[in-house]
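Trainee: I'll drop the sequence and a predicted model, then ask my questions.
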Amino acid sequence: MATSCNTHSYDGKLREKWFEIRPMLIEKYLPHCLSFDDTLKDIERWLDRKYFNVKRIGRARRSLRILTTHRRTNFDTRNDIDVEELLPILWNQVKKQADIHDTFYEQLCDITGGSCSQGRSTRLFQFLFLFDLPIETSTNNDEQKDSSEIVKKTDEQNDTSQTIVNENDQKDSAKIEADVEEQKNLPETETNIDVQKDQSQTETNENNPVSTKEHSEVSQKSTEESNNLISDKT
């Protein structure tokens, strides 16, 4: 983006960058700052103490009055920047660093020369980039955290899937072993039945001597008849 001294050259062009860093500023920095009203009072005391007899002090005071009385235009509708959020964060950084006090003083004075919403927000917004705010570090940490969560969830899902696979494998193995055992037992059962039948038949014969005697007599009679037939033929 080309630089310009006309704040309206940046109309609508600061919104993306502001919303990129705003969540971090609101969460990590604003809670440790003074309120907007207390910030204005603190700046006024600072002006009285350090710049009382300095050139353009009148313009600096006028800028404070504009910020105090024209509250509705403290919001930059072109860039969606709220000066009442921005100024407390900015002042909390400026007051700690004496080497940039004069630069901030000049920018404060210049607000009277461009007191519209864009004149306030653009001049103050540029000051954020004079400080070593861990903007990208915060973003990277959030991305790393999100990546770690994704990896953790993926590992948990993989562990769960592996557990299910192992359980299914165990079930399949148990079923196969049961089928093999059943097949091994089937022939033995049939053999046992045949043996039991033979034993039963033997016991029946032993327990029934009449039947055995009759069978012997029939056999002897058949033998005699065969012998007689042979004699007659001779």
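Mentor: Structure received. Residues are numbered from 1 along each chain as shown.

Trainee: can I see the domain layout of this protein?
Mentor: Here the domain parsing of the chain from automatic domain parsing is 7-133, 158-217.

Trainee: any idea of the mean pLDDT for the longest one?
Mentor: I take that to be domain 7-133. Mean pLDDT, domain 7-133: 88.

Trainee: same question, the last one
Mentor: Averaged over domain 158-217, pLDDT sits at 59.

Trainee: And stretch 46-56, what's buried?
Mentor: Along stretch 46-56, these residues count as buried under the neighbour rule (16 or more other Cβ atoms under 10 Å): Trp46, Leu47, Tyr51. C-beta here means a position set from N, CA and C on the backbone, and glycine is covered the same way.

Trainee: Can you name the residues in contact with the helix or strand where the second one lies?
Mentor: In this case it means Leu47. Using DSSP states H and E, Leu47 maps to helix 36-50. For helix 36-50, contacts defined as Cβ atoms under 8 Å, 6 or more residues apart in numbering pick out 33-34, 57, 60-61, 64, 67-68, 84, 87-88, 91, 95, 101, 105, 108.

Trainee: how about that helix as PDB, C-alpha atoms only?
Mentor: Once non-C-alpha atoms are left out, helix 36-50 reads as follows in PDB (Å, rounded to 0.1, in the frame of the first residue of the first chain):
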ATOM      1  CA  PHE A  36     -11.700   5.600  27.900                       C
ATOM      2  CA  ASP A  37     -12.800   8.400  30.200                       C
ATOM      3  CA  ASP A  38     -10.000   7.800  32.600                       C
ATOM      4  CA  THR A  39      -7.500   7.600  29.700                       C
ATOM      5  CA  LEU A  40      -8.500  11.100  28.600                       C
ATOM      6  CA  LYS A  41      -8.100  12.400  32.100                       C
ATOM      7  CA  ASP A  42      -4.700  10.700  32.400                       C
ATOM      8  CA  ILE A  43      -3.500  12.300  29.100                       C
ATOM      9  CA  GLU A  44      -4.700  15.700  30.200                       C
ATOM     10  CA  ARG A  45      -2.600  15.400  33.400                       C
ATOM     11  CA  TRP A  46       0.300  14.300  31.300                       C
ATOM     12  CA  LEU A  47      -0.100  17.400  29.000                       C
ATOM     13  CA  ASP A  48      -0.300  19.700  32.000                       C
ATOM     14  CA  ARG A  49       2.800  18.200  33.500                       C
ATOM     15  CA  LYS A  50       5.100  17.900  30.500                       C
END
